[in-house]
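Chemist: what shape does this take:
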Amino acid sequence: MTDPTAPVPLLAMREISKRFLGVVALEKVSLRLAAGEVLALMGENGAGKSTLMKVLSGVHTPDAGQIEIDGRAREITGVPDAKRLGIALIHQELLLAPNLDIAANLFLGSELPQGGAARGGWLRPVPRARLNELAAALLERVGLRLPPSTPVSQLTAGQMQLCEIAKALGQNARILVMDEPTSSLTAGESEQLFRIIRQLKREGIGIIYISHRLDEVLELADRISVLRDGRYIGDLLRAEASHDEIVRMMVGRQLSGQYFPVRTAAPASAAPAELALEVRDLWVEGAPAGVSFQICRGEILGFAGLVGSGRTELMQAIFGATPALAGTLRLAGQAFRPESPRAAIDRGVYLAPEDRKRHGLVLPMSIAQNVTLPDIGRQTRLGWLDKKKEQRVAAREMARLNVKAKSQLQRTATLSGGNQQKVVLGKWLAMSPRVLILDEPTRGIDVGAKAEIYRHMAALADQGVSIIMVSSDMEEVMGMSDRVIVMHERRIQGVLLRSELDQQRLVRLMTGQSITRENGAAA
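Modeler: Just a heads-up that it's a prediction; the model follows:
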């Protein structure tokens, strides 16, 4: 029963239900948010978080339930309704137009007369001077000290995130939903975002914060609401919340040992016959010098570094996606110089890219089509695609990776982030990789899916597959790597053995400093 003496919440979502083609996405889910509160909304991928927020922001209409703002029932039938009620959703994939400047982005879609002095008429030009003046005030409010005329294409991920917040504030948002806001940010940019969130709290704005990073949730949130399988599981106050308790509520079981499989360190050096890949003086565009390293058969080699340190560009050159300016590569002792991804794939070198949606998958296609696409020649008979064979291959990989979907014919776009990542991994596992490059393999996915991917990585290494893992998650780097190469400003700053890994050493190398080992040698 509702306590009549309790303050009226800024937002109350009561028993929201939603189905898609008979599949339950939400089942009587309730949520409340007070003014000036940070509510962390947590759950595994597919738990219903995004669907619930799309209902709140007018993208989806609920099948049942009620939404109240300031204690009054409101009907939200579209995005304009949500905007008028002061609800703003900042997506994980930021929705800014890179060909426009900051000011134009902040007021994009709002230039027509709606009571704002900055807006022109139907046939009148937008008054740029006034637009820039209003934009400058919004940028000052979020601590972004850039001219409003700065092109968005020149901004970092952190600056674009602040622009999205400024845009929401320009629409007088009272309820701000942030979906994985730090997934592409550096540590410094994340700290700046946290300062802005605390300031918005003081201004009375209610914030729903969706993140799989438990440490930042425990730092920021006043309260944590957990969903599982489309149902509300419960709430935790920050004072009573712990890493283990949140994980238990999310996955319905305990994940012990920080969910990393037990790994035994590979030898620090190997005989030439055991080397899987040798990279010698590989020079990519924008780098000050060539990069050299080697990876042994069955080793997990981690690559750490800040955003922009050159890790992704190096991996793309090894995969043949971008040309190297100089250098040589040897694969199992044989010359290897891929001029295209197809050439790398033919030699058993595969890349699961950082941005799975843009570069790792064809979202409108089915799971089966995505899994077999790199090896489609083997799915044909007399020149025609053998769809039964294609579906058998996909079903095998789905079972191996525990992909949660109705069938292998389901469109990949409809899967959760964790299941999409499993499909990316599945298409390469179907082809028996020799060297598998994983660029941010668990970005934006939940702890349960992370644990599954870690187990598969460990199993592949045990089978002799060499894995290069690029990651910005220091716990992941320390938990999974046999060795770690740390990059800074597109060069190798240091190499750490598994026994030497700790957060302080990693941070020092990532920020361009050197470290000294116990024997006096530099890393």
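
Chemist: quick check: which element contains the nearest residue to Ala97 once chain neighbours are set aside?
Modeler: Excluding the flanking residues, the one nearest Ala97 by C-beta to C-beta, 6 or more residues apart in numbering is Asn105, at 5.8 Å. C-beta: built from backbone N, CA, C; applies to glycine. Per DSSP states H and E, Asn105 falls inside helix 102-106.

Chemist: how about the CA coordinates for that helix, as PDB?
Modeler: Extracted C-alpha coordinates of helix 102-106, given in PDB (Å, rounded to 0.1, in the frame of the first residue of the first chain):
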ATOM      1  CA  ILE A 102      27.500  22.600 -31.700                       C
ATOM      2  CA  ALA A 103      24.800  25.400 -31.600                       C
ATOM      3  CA  ALA A 104      22.900  23.900 -34.600                       C
ATOM      4  CA  ASN A 105      22.900  20.500 -32.900                       C
ATOM      5  CA  LEU A 106      21.700  21.800 -29.500                       C
END
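
Chemist: how close does Glu354 sit to His456?
Modeler: Applying C-beta to C-beta, to the nearest Å, the value for Glu354 to His456 is 19 Å.

Chemist: before we move on, what about Val403?
Modeler: Val403 sits 12 Å away from His456, taking C-beta to C-beta as the criterion.

Chemist: neighbour count winner among the two?
Modeler: Between Val403 and His456, counted using other C-beta atoms under 10 Å, Val403 has the larger neighbour count: 25 against 19.

Chemist: and that one, how far from Asn419?
Modeler: 5 Å.

Chemist: next one: Gly109
Modeler: Distance from Gly109 to Asn419, by C-beta to C-beta: 32 Å.

Chemist: of those two, which one has the most company?
Modeler: Using other C-beta under 10 Å as the criterion, Gly109 and Asn419 rank with Asn419 on top: 22 against 10.

Chemist: and that one, what does it touch?
Modeler: Residues near Asn419 by C-beta atoms under 8 Å, 6 or more residues apart in numbering: 45-46, 403-405, 449.

Chemist: cutoff 6 Å now
Modeler: By C-beta atoms under 6 Å, 6 or more residues apart in numbering, the residues touching Asn419 are 403-404.

Chemist: confirm that it sits in a helix.
Modeler: Yes - counting by DSSP: H, G, I helix; E, B strand; the rest coil, Asn419 falls inside a helix.

Chemist: for it, give me the pLDDT.
Modeler: Here the pLDDT value assigned to Asn419 is 87.

Chemist: go on, the one 10 residues further on?
Modeler: At Leu429, the pLDDT value in this model is 86.

Chemist: got the contact list for stretch 229-241?
Modeler: 24-27, 29-30, 48, 221-226, 249.

Chemist: rerun that using 7 Å as the cut-off
Modeler: 24-27, 29-30, 47-48, 218, 221-227, 245-246, 249 (C-beta atoms under 7 Å, 6 or more residues apart in numbering).

Chemist: show me which of the residues you listed are buried.
Modeler: Neighbour counting with 16 or more other C-beta atoms under 10 Å marks 25-27, 29, 47-48, 218, 221-227, 246, 249 as buried within these.

Chemist: tell me which of those residues fall in helices.
Modeler: 218, 246, 249 (DSSP state H).

Chemist: contacts only, for the second one.
Modeler: Which is Ile246. With C-beta under 7 Å, 6+ apart, Ile246 has these contacts: 42, 214, 224, 226, 236.

Chemist: of the residues you listed, which is the nearest to Arg434?
Modeler: Nearest to Arg434 among those: Leu214, at 34.9 Å, using C-beta to C-beta.

Chemist: I'd say Met478 and Arg498 touch.
Modeler: No - judged on C-beta atoms under 7 Å, Met478 makes no contact with Arg498 at a distance of 8.4 Å.

Chemist: neighbour count winner among the two?
Modeler: Taking other C-beta under 10 Å, Met478 and Arg498 do not tie; Met478 has more neighbours (21 against 18).

Chemist: for the more buried one, give me the pLDDT.
Modeler: Value listed for Met478 in the pLDDT field: 89.

Chemist: also the one 3 residues further on?
Modeler: With respect to pLDDT, Ser481 has a value of 93.

Chemist: so what's it closest to, chain neighbours aside?
Modeler: The shortest distance from Ser481 to any non-neighbouring residue, by C-beta to C-beta, 6+ apart, is to Gly302 (3.2 Å).
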